[in-house]
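S.K.: Below is the structure, and that's it, no one-letter string:
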């Protein structure tokens, strides 16, 4: 069992305070933090002078392989973008493309301090392979569209995928069901999803209330909001990770609280696609677990969780005219503890505590934008950069070592994705 | 005369297109771009494989030495922040502190690709010294508050500063006059500033219409908006760089267009301080030169122009519900050509053209977030990171060489600013 000592590090303790001390990692978990038993001996000691250890970030919503479409189509209206660019390009995707696109996403996420991500896409066994090989932690869902010709096939694939991959890769993989959204999954289909969810004991990852148009159409068609409709159909009783929730009402938030709906807030994607600004302060005040997500790289266009934290902290301040909203400490929680709770992993990861998985991101603070160091949490949220991430540990294994990926051949992967990206848009 | 060849680089041409070729730098200027005369020989050749050359970014509004207060006081209401934190700490500032705080800012700006900045602060000879020694380009103004006990002294200092430093440092320094804002400079004082501006031929850098409260008070007190008041007082006839312009009306924009007021838009600061979201699309549509600025690091909290570009591109989209607003190409222009125009340097810097100053930022594109490379401008605006800045050239001199600063002893400087930052808040 490997033993790693993070020696003399500043760290973000579970109480939200910055502290100084050692962190002992044994096998996949944090053994001790702060003071370490004198007799305990590490195989590897990392000198953490000028470093800050934080829980690895949790990206609660992405479509990893869409990195392949990064910068392909931007500054467009949503339907123009989907119909004329993204969907035709996605039609060209092979299982191998999804494998490599996911590797690209994982490389980028590890290099920016993310240790867990929630994904919804297709060719999911290839996504799971990339997760298994890279060592990252993930919550995976096969996207299902009830209106698509593949609707029934997607249910079958989801069940198979759950049985083969749930709790696989030393427990690093959780499988959820991924009905895409109310506007692509009619009620009859969602009932099938709920039934499958009950049969397997699987939770659900779904897009909800992303745009005003979606909510308007839902009310016209079903006489209720997407949240209320999902509640009626029993979806919310299954344990739900809801991406976006931009256009939710006070009544919706009450329902979400009752049913413990967990939210993936994607400020970057919502801004770039002009989807809107969700009532995140109200959702937080209601006690909902609001995590942060990057969404896919086609609509963001990177997978940098520091950027999402900063946007979450800044966007709601200006939108409401209140500079006290979502302070740095809350933004950090959204990317760590709240995010872990959102994925149902709140007792597994997201906190630096003995017994928790050793999912740890080490920032190197030796850069001008980290000086002077009045407040580490403020520096992390408002000044830090992804490139300051020095070392990343997931499940007790070092996956990024002084900025070098240990499980991914970065050069080869970049060549692959460049070729594949160009082929897809031909 | 030094001769540098950027060999086989991708570059952002002055027509806004990405091209490939060589860039020849001779002395302080770009000699040729694209194809180079065969007989021309460089002293130093930089291999630009996988690199992207862009005009160095223009930070049109900052208070450089306020880096010393980075992370000292965040997530606070404006007056609480100023009265209880910033002003008491600023009262402790010495001339040496300002020198070192400015060095810190310059180091951070160079490392994130900025080659010119517009500053307003005090102890300006020390700021000018830091500019002269570091090799960066700057537009400097001694901040003047008519309501302060130092009001008359500030006018005298401004004149002396102009005579000693305007066009100094091989022409890299431009001096403007810096009346702080209408709410700190009564009309009688602003008339003195206008008179001094006429006497010296100096332009003016001022904060205008930053908050709704400022505009409301101005209308109550003077019966007109800050823009209209400045117009009446003759300020706008002097050549004005106006920071913020968040709360400007359609009539204000007409006046600004008539008087060619140049705007420094600071989206990060406006978001974090909850100042508001200015009518930037309207100002651009009116043909105003809207550049981008970081504002001081106490209210941002970094000096990363890529972040301001991205925020400019994303904030107005979501605010107006229009994903076509401020596309990547416009955001790039705001940080380069528009910014140069805003500082009155539109024929000097901001474009990669023969005869222009060689102010060039080279990005290293070998990182996951630059793949695949469908569109370089999109990658630059929506994916790139400050740490991708590999080499920075100002006035034909290499100031950042493969991420190492050539004119600033970074380690010593970081020690200095850490000590000084801690002392200031005691």
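M.R.: Happy to help now that I have it. Since we're looking at a predicted model, the values are computed, not measured.

S.K.: And the strands in the stretch 51-200 of chain A, which stretches?
M.R.: A:51-55, A:57-62, A:114-121, A:137-144, A:173-179 (DSSP state E, counting those that start in this stretch).

S.K.: buried residues in the fourth one?
M.R.: For strand A:137-144, the neighbour count (16 or more other C-beta atoms under 10 Å in any protein chain shown) marks A:137, A:138, A:139, A:140, A:141, A:142, A:143, A:144 as buried. C-betas here are computed from N, CA, C, even on glycine.

S.K.: ditto for stretch A:236-256
M.R.: A:236, A:238-248, A:252-253, A:255-256.

S.K.: gap between the two ends of that stretch?
M.R.: 8 Å (C-alpha to C-alpha, to the nearest Å).

S.K.: What average pLDDT does it get?
M.R.: For stretch A:236-256, mean pLDDT rounds to 98.

S.K.: next one: that stretch to chain centre, how far?
M.R.: Offset of stretch A:236-256 from its chain centre (C-alpha atoms, centre = their mean, to the nearest Å): 18 Å.

S.K.: and it with chain B, contact?
M.R.: No - applying C-beta under 8 Å from any C-beta of the partner chain, one finds stretch A:236-256 out of contact with chain B, separated by at least 9.6 Å.

S.K.: hey, which of the strands of the stretch 51-200 of chain A is tucked in deepest?
M.R.: strand A:57-62 (a mean of 32; mean count of other C-beta atoms under 10 Å in any protein chain shown).

S.K.: tell me what that strand is packed against?
M.R.: In this structure, strand A:57-62 makes packing contacts with strand A:114-121, strand A:240-244, strand A:262-265, strand A:290-292, helix A:305-320, helix A:337-342, judged by 3 or more C-beta pairs under 8 Å, 6 or more residues apart in numbering or on different chains; DSSP states H and E.

S.K.: out of these, nearest to residue A:228?
M.R.: In this view, these are compared for proximity to residue A:228 by C-beta to C-beta, and strand A:240-244 is the closest at 13.0 Å.

S.K.: The closest one vs strand A:137-144, what angle?
M.R.: Interaxial angle, strand A:240-244 versus strand A:137-144 (axes from the mean of the first three to the mean of the last three C-alpha atoms, to 10 degrees): 80 degrees.

S.K.: could the helices and strands packed on strand A:57-62 go into CSV alongside distance to residue A:62?
M.R.: Listed next are the helices and strands packed on strand A:57-62 as CSV, based on distance: least, C-beta to C-beta, whole Å:
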stretch, distance to residue A:62
strand A:114-121, 6
strand A:240-244, 9
strand A:262-265, 9
strand A:290-292, 11
helix A:305-320, 10
helix A:337-342, 12
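
S.K.: Hmm, residue A:283 is touching residue A:263, no?
M.R.: Yes - Residue A:283 lies in contact with residue A:263 (C-beta atoms under 8 Å); the separation is 6.0 Å.

S.K.: more crowded one of these two?
M.R.: With neighbours defined as other C-beta atoms under 10 Å in any protein chain shown, residue A:283 and residue A:263 compare such that residue A:263 has more, 30 against 21.

S.K.: re the thing from before, pipe the strands of the stretch 51-200 of chain A into TSV and attach mean pLDDT and distance to residue A:357 per row.
M.R.: Converted to TSV, those look like this (pLDDT from 0 to 100; distance: least, C-beta to C-beta, whole Å):
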stretch	mean pLDDT	distance to residue A:357
strand A:51-55	98	10
strand A:57-62	98	12
strand A:114-121	99	9
strand A:137-144	98	7
strand A:173-179	98	12
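
S.K.: can you count the residues close to residue A:282?
M.R.: Residue A:282 - counted by other C-beta under 10 Å - has 13 other residues nearby.

S.K.: and the stretch 1-150 of chain A, which of its residues are near chain B?
M.R.: Counting by C-beta under 8 Å from any C-beta, the stretch 1-150 of chain A sits next to chain B at A:67-78, A:81, A:104, A:107-108, A:111.

S.K.: could you redo the last one with a cut-off of 6 Å?
M.R.: A:71, A:72, A:74, A:75, A:77, A:104, A:107, A:108 (C-beta under 6 Å from any C-beta of the partner chain).

S.K.: with the residues you listed in mind, which one is nearest to residue B:292?
M.R.: Looking across those and measuring by C-beta to C-beta, the closest to residue B:292 is residue A:75, at 17.4 Å.

S.K.: residues contacting the closest one?
M.R.: residue B:327 (C-beta atoms under 6 Å, 6 or more residues apart in numbering or on different chains).

S.K.: Please apply the same query to residue A:180.
M.R.: A:143, A:145.

S.K.: Tell me the spacing between it and residue A:282.
M.R.: Using C-beta to C-beta, to the nearest Å, residue A:180 is found at 26 Å from residue A:282.

S.K.: which stretches of the stretch 301-426 of chain A form helices?
M.R.: A:305-320, A:328-335, A:337-342, A:376-378, A:410-424 (DSSP state H, counting those that start in this stretch).

S.K.: Can you give me the distance of the residue lying closest to residue A:394 once chain neighbours are set aside to residue A:388?
M.R.: Leaving aside its sequence neighbours, residue A:394 sits nearest to residue A:115 (C-beta to C-beta, 6 or more residues apart in numbering or on different chains; 4.7 Å). Note on residue A:115: its distance to residue A:388, by C-beta to C-beta, is 16 Å.

S.K.: Can you tell me the closest non-neighbouring residue to whatever residue of the stretch 101-250 of chain A ends up closest to chain B?
M.R.: Going by C-beta to the nearest C-beta, chain B is nearest to residue A:108 of the stretch 101-250 of chain A, at 3.9 Å. In space, and not counting its chain neighbours, residue A:108 is closest to residue B:368: 3.9 Å by C-beta to C-beta, 6+ apart.

S.K.: With residue A:112 instead?
M.R.: Distances taken as C-beta to C-beta, 6+ apart put residue A:386 closest to residue A:112, at 3.6 Å, once the chain neighbours are dropped.

S.K.: isn't the one you found right next to residue A:304, touching?
M.R.: Yes - with contacts counted by C-beta atoms under 6 Å, residue A:386 reaches residue A:304, the gap being 4.8 Å.
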